[in-house]
Structure formats: structure tokens, C-alpha cells
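Peer 1: Sequence and predicted structure below; questions after.
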There are 2 protein chains.
Amino acid sequence: MNDRIAATPPATLAELLRRGNVFAEQCPSREVLKHVTSRWGVLLLVALLAGTQRFSDLRRKVGGISEKMLAQTLQWLEADGFVARIAHPVVPPHVEYSLTPLGIEVAGKVEVLADWIEFNLPAIMAARAARESGPD
Amino acid sequence: MNDRIAATPPATLAELLRRGNVFAEQCPSREVLKHVTSRWGVLLLVALLAGTQRFSDLRRKVGGISEKMLAQTLQWLEADGFVARIAHPVVPPHVEYSLTPLGIEVAGKVEVLADWIEFNLPAIMAARAARESGPD
DNA sequence: GTAAGTACGCACGGAAAGGTAAGTGCCGAA
DNA sequence: TTCGGCACTTACCTTTCCGTGCGTACTTAC
């Protein structure tokens, strides 16, 4: 039983290559995963679920992020096709960021994870405390 | 509409503190999130969904991970209460790692995310290619 | 006239992540 | 008898992350 990963069942090899396997180094899915699960990637995706926002809106909303990392992370996510960037060529720059359909999907998954952690924080902290005080 | 984050609705402040808010620096949920979404944390959690495994089993399964990072990441996850470590005091060391009930839950969420990325890799790569060749 | 805001890019530097190699103590296999 | 495996730990060093500060081109506000 339970060798779900080891035995990734007969799926035509071609299927395996097409689909991507996170357990294999070299697989581009590792890259995408890195962007999505990066410190600021998670926060930005969830923040963008609230709808289209401007650069400095995001900067204020996320709190703690530097302009450099905001720009860089947005570029990663844009390159992966998760974020759409619309620049209005006006005099004080005006750029709007939003999630693409693909981005809405990942952001959803990420939000579920983040929400779970937030909600279960008490239980996690309790487990940690129990370990520190007396695991016997 | 959609100011879901900005307006985290009236939840008694105490509730807010208890539950944790990823958008706030200083919140311990950031720490947990860091462990769970770390490069190897993701892989290990998903790998452990396959059941109890030994140190070197995990080392081989994940592939690319060094012993140092394997040990360290397992310690993080253990401290957060996601992984249970059982050491049999036998002559050649025998240690088994498995997910706790809490761990099974997070790992589930993480797996959903990883699976989504693997499955949608083609679409992501396509989006990337489109951007490179001719975004027009 | 000066300050502030907008959306970045660039360069510097410290901190952290993470790989490599070696050591540990004991055993079974070649 | 030397080698390799188990489950780590430690030291060292490279790579990457990421914050800080400065510059931009222009406008509105004071």
C-alpha cells in the first residue's frame, strides 16, 4: 500500500514529462513552486485575490515588503502567467496588477493553505509548547 | 466590493490575535508558513503522505536534498507538530518519520497546490512562451 | 521652490539558505 | 579488514535572498 509517489503509475512516460514531477530536480515545476511559495509570492497572490490593485496599493497592503521585492515577485508571477500587468502611459505612472484566470486558481489553493495555518495556529503553537515543556 | 483582506471584518480583536494574520509581520504564522512552504518542506510533507518512512528512505525519495537539509527540515516540521519522530534504540540506528494528524491536514493542502502546479505545468509553460515570443 | 507621490531600476552589503565534506559508533558484508 | 550503511552533527564556504538607499521624469500640493 501507499507508495503513491514512488509508483506514479504507468502514465505513458510522455504523460509524465508533460505533467511534470515535483520530486524530480530539473523539472520546471520546481521553479514555479518556488515563485508561488516564496515569502512574498504567497502574500501577493492572496492579496491580489481581492481584485485589481496598483503597485503602491500592494506595497501598503502587504506590509513589510520592500519595493524591490514587490517588483521582483510581481515579475516572477507575471512570467509564470499568474499576474496581468496593465500600464497606463500617463504622466504620473499608473500600473494595475490583477490575477489571470490561471492566477486565480493557484491563488485559491495558496489561500486555502494560508487560511488553514492561520486558523490552526493555536493548535500548532500548543503542539510546540507541549514539545518544549515536557515531551518526557 | 472585494476588500476581503483590508476589511478583515469585526472579529473581536481577540479572535484576530488568536487566529493569526499572515499579512502582519511579527505573527508566528509567518514562521510556520515559512517552514511549510520552504523548498524542502513542501516536498517532505507530500512525500510523507505516502506513510511512515525512514530518514534515508526520504533522502532517496526526495532526490536532490542533502542530509543536512533533510535533518533540519524534519526538525522544523517536528517542532511545528506536523511530523512525528520515533527512534528505535537499536544498534544500527532506526528512526521512523510520519505525519501527525495535524501534519496530514497541512500536507493535504500542500499536495493540492503541488498537484495543481504539476497538472497545469503545460499551461504555465505555454503562458511563459507566449510572453517571450510575442506578447504584442 | 520644495516636498511628496508614482513605478520602478541599479548597486551595495549583510544575512540566511543551503551544498560539501568529514566525523561518529557500531554493524554486516565482501 | 576495509567498505558501506544508518542517522545524524559540525564546520566551512558558496550562493541566493533581500533590505537600504539613490536616481528618474514628471506632476500636484504647499
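Peer 2: Happy to help now that I have it.

Peer 1: Quick one: the helices in chain A, in order.
Peer 2: For chain A, the helices defined by DSSP state H occupy A:14-19, A:29-37, A:39-48, A:55-62, A:67-79, A:101-133.

Peer 1: How about residues contacting the fifth one?
Peer 2: For helix A:67-79, the surrounding residues in contact (C-beta atoms under 8 Å, 6 or more residues apart in numbering or on different chains) are A:35-36, A:38, A:40-41, A:44-45, A:55, A:58-59, A:62, A:65, A:83-85, A:97, A:103, B:128, B:131. (C-beta placed from N, C-alpha, C; glycine too.)

Peer 1: Tell me how many other residues crowd residue A:112.
Peer 2: 14 (other C-beta atoms under 10 Å in any protein chain shown).

Peer 1: Is it correct that it is in contact with residue B:116?
Peer 2: No - using C-beta atoms under 8 Å, residue A:112 makes no contact with residue B:116, being 10.7 Å away.

Peer 1: so which of the helices of chain A is the most packed in?
Peer 2: helix A:39-48 (a mean of 23; mean count of other C-beta atoms under 10 Å in any protein chain shown).

Peer 1: Other residues contacting it?
Peer 2: A:35-36, A:53, A:58, A:61-62, A:65, A:69-70, A:73-74, A:76-77, A:82-83, A:97-99, A:103, A:106-107, A:110-111, A:114, B:5, B:22-23, B:33-34, B:37.

Peer 1: quick one: low-confidence parts of chain A?
Peer 2: A:1-20, A:132-136 (pLDDT under 70).

Peer 1: again, 50 this time
Peer 2: Across chain A, the ranges flagged by pLDDT under 50 are A:1-10, A:12-13, A:135-136.

Peer 1: who's in contact with the spatially most central residue of chain A?
Peer 2: In chain A, the centroid-proximal residue (C-alpha atoms, centre = their mean) is residue A:36; its distance is 2.8 Å. By C-beta under 8 Å, 6+ apart, residue A:36 lies in contact with A:42, A:45, A:77, A:80, A:82, A:106, A:110, B:113, B:117.
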